[in-house]
Structures are given as C-alpha cells and as structure tokens.
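Enquirer: Build me a model:
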Amino acid sequence: MGLVKKIAHYLIYTLNIIAVIGLLFAYLASYVSPKTTVIFAYFGLAYPIFLMANIAFAIYWGINKKKKAFLSLFVIILGWNQFFQFFQFPFRGQERSERSIKVMSYNVRLFDLYDWTKEKDIKKKIIDLVNAQSPDVVCFQEYYMKGNGKNLAQSLNLPYMKQYFTSKTVKQGKKTGIGTAIFSQYPILNQGAILFEGESANHSTFIDILKEEDTIRIYNAHLGSIRFDYDDYTFIAGEQQEGIEEDIAPLKKVVSRLEKGFQKRVDQVAKLKEHVITSPYPTIVATDMNDTPISYTYKQFSQGLEDSFNENGSWVGSTYIGSIPFLRIDYLWHNKAFENTSFTTINKRLSDHKPIVGTYSLTR
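Expert: Numbering: from 1, shown residues only. Take a look at the predicted model:
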C-alpha cells in the first residue's frame, strides 16, 4: 500500500471513530435528561446523520475487505431498536371495524397566514386534504382562527370542536386567535386544558367524546417550540454571511434556543403524561412533540403508551419539512384500550409539518 493510500485510510478511520462516538452519544440522548446535561440531546438530534455515516463506513471497509467494517456494524446493531423508530417496513393495516375511530394530527402553521409557502389557497388545500382522509377527529397545532371556528367545522364536516388560544386579537371587528383545536364527528361530553408553567405558547387540550356507547378521550398537545426565526433558518440552511465572526453569533443563538427547548420539554412531557396515564377512558394522544424518537422526552412519554408509527408506519417516518432531514417530531399515541390498525404519514407540503393519520379499534 502506498503512502498516500495509507494516509487516506488513516484519515477515513479517524472519521469513522468520530462517527462511532457520535452514534453512541446519540443513543445516550434517550437516557440522560437534558436538565442534567444537554450535550447528548444534540447528538440525538443528529442521529440520522451519524447512522448514515456509520453505514457508509461499514460499506467502505467491507468493499476493501477490512475488519474495521465490524466496528460500525457493531455500533449500528447495538442501537437496532432505535433504527426502527425512524424506519419501518411497509405493513398493510387491518380493515376498520364498527368500533374503530380515525384520528388525524396536523401542525398547520397558522394555515400559512404569513405566506411562507408562496402558494395560494393553502387553507382550502388543507381542508380538502382533511376531507379526503375523512377522519372522525382532527387535531390541529399552530391553529389560526378568524371568527368563531364554526365555518371551518362545517367545511370539515366535523361539527363539534374544542379551541384553545394562547393569543387573541380583534382585527376589523373580527376575533382572531392562535393556539390549538380539535374537531370531532362525535359529541363532546367534557373538555379541558393542561397548561405548562412559564410557557404561554405551548399547552395541551383534551376532549371526551361519545361514540355510540363508548367514551373516548383525545388529547392534542403542542410541546416546547424552539421558536427559530427567519435568520435562524437561514443560518441552518447554510446561507450565513461570510467570515468566522459573522457565523459565531447566529450559531450561539441557534444552540441556545435548542437547549431551552430540550430542557423545557422535560417538565412539559412529565406533566402531560401524568394527566394521560390517569385517564379513565380509552385514550389517543396527538402531539407535535418537537423532539425525535432519540430523545429523553420521547423515551419518558413512550413508557406505558404505544407509538402508532412503530406499529404500522412505512419507510422513513419523518414529519418535519425543513433544513434538518429525517426529523420525526409528530406522533399519535394510544393506551392499551386501543389497538392501532393503520398509520399513515401523508407526504404533502402545505405546512412545515406533514399530517399523520391513525385508525384505532377498541380492545375491550
């Protein structure tokens, strides 16, 4: 082997070691609270990148018939369960039964209030998408209302609703609000809100609905927003200004916002889960969690609840549409009173999130 080739192999192996350490640190994100140390949470966020890097290194060494391939293979196998929280082989769901309920969750980004998409009639397109799915219940996060919401309920063919607003204004004599909403085909017997200390924008609501003789509880939660602004997204996309000094300030800002988001979601998830596990009814939880499956908050929330993507998802389950690839941050959960019979991530770009839909049958 020539000197140049030896140096190249040495550099590649060094990068391989870095990728291995990065993947191991990503695994630890599920077990170490960001309130203890936030470092592992950043690695968990980058899990898909470290995973793909290790796959590439394993293939490279394998082609070159080097035993070094086993290093990355071992680390990948070590976190095999984590892999299947991002990727599932296609599974054909079961048929809906008479006791089944179809639930949709969608962060609609204020129905494109500020024209982020540069497309016309986004709200109408979202309504058409929901109607094409015909859910029994739809949960909206980052919901924007102008008026009282009754016209939207009529357009969705879902007459019963629960709206909760974190901000309200009056424009041109009409009330407007931003928050969350649940629209239901079935009557609402009871409803409530779960508020998080020191956080006005994020919260959870729930409704108890009557489906024939069954009372079912549906939660709609929007947790720990990072609140990136336009400059933050520009920096993440690599469109920052030239020069090291110009890059340091926006980098610090992005890191600071991520850290605050990781930490506040720990307490928010704990409070939400405490409420969910005491539910006396069959329960489904729609969440924009703003955390990936390789995170401490996901691990805590998943204990005692089932993630519908893990049961019936297909291929890569990413739900966030943005500069960071493969992020699955939107979930439909259920307790043991339900069996998930189908789950779909809808690949539509009408928001910065993809809608998700699950069908559930009562097991008792």
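
Enquirer: pLDDT value on the nearest residue to Gly304 once chain neighbours are set aside, please?
Expert: In this structure, Gly304 finds its nearest non-sequential neighbour in Ile277, 5.9 Å apart by C-beta to C-beta, 6 or more residues apart in numbering. Quick note: C-beta positions are derived from backbone N, CA and C, even for glycine. The score at Ile277 is 96. That number is its pLDDT.

Enquirer: distance of Ile277 from Thr14?
Expert: 46 Å (C-beta to C-beta, to the nearest Å).

Enquirer: And for Ala193?
Expert: 52 Å.

Enquirer: same thing with Tyr42?
Expert: 21 Å.

Enquirer: quick one, which of the two is more surrounded?
Expert: Under the criterion of other C-beta atoms under 10 Å, the comparison of Tyr42 against Thr14 puts Tyr42 first, with 16 against 10.

Enquirer: doesn't Ile294 make contact with Tyr47?
Expert: Yes - using C-beta atoms under 8 Å, Tyr47 makes contact with Ile294 at a distance of 4.4 Å.

Enquirer: For these two, list the residues in contact with both.
Expert: Ala26, Ala29, Gln82 (C-beta atoms under 8 Å, 6 or more residues apart in numbering).

Enquirer: Format the residues you listed as a markdown table; extra columns: pLDDT, secondary structure and distance to Leu156.
Expert: Converted to a markdown table, these look like this (pLDDT from 0 to 100; DSSP: H, G, I helix; E, B strand; the rest coil; distance: C-beta to C-beta, whole Å):
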| residue | pLDDT | secondary structure | distance to Leu156 |
| --- | --- | --- | --- |
| Ala26 | 97 | helix | 39 |
| Ala29 | 97 | coil | 37 |
| Gln82 | 89 | helix | 36 |
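
Enquirer: Which of the residues you listed sits closest to Glu311?
Expert: Gln82 (16.4 Å; C-beta to C-beta).

Enquirer: quick one: the helices in the stretch 201-350 of the chain?
Expert: 230-236, 244-276, 296-302, 308-312 (DSSP state H, counting those that start in this stretch).

Enquirer: So, low pLDDT: which residues of the stretch 1-150 of the chain?
Expert: When residues are selected by pLDDT under 70, those of the stretch 1-150 of the chain lie in 1, 91-98.

Enquirer: how about the helices in it?
Expert: Going by DSSP H, counting those that start in this stretch, the stretch 1-150 of the chain shows helices at 3-28, 39-45, 47-63, 69-78, 80-83, 109-112, 122-133, 150-156.
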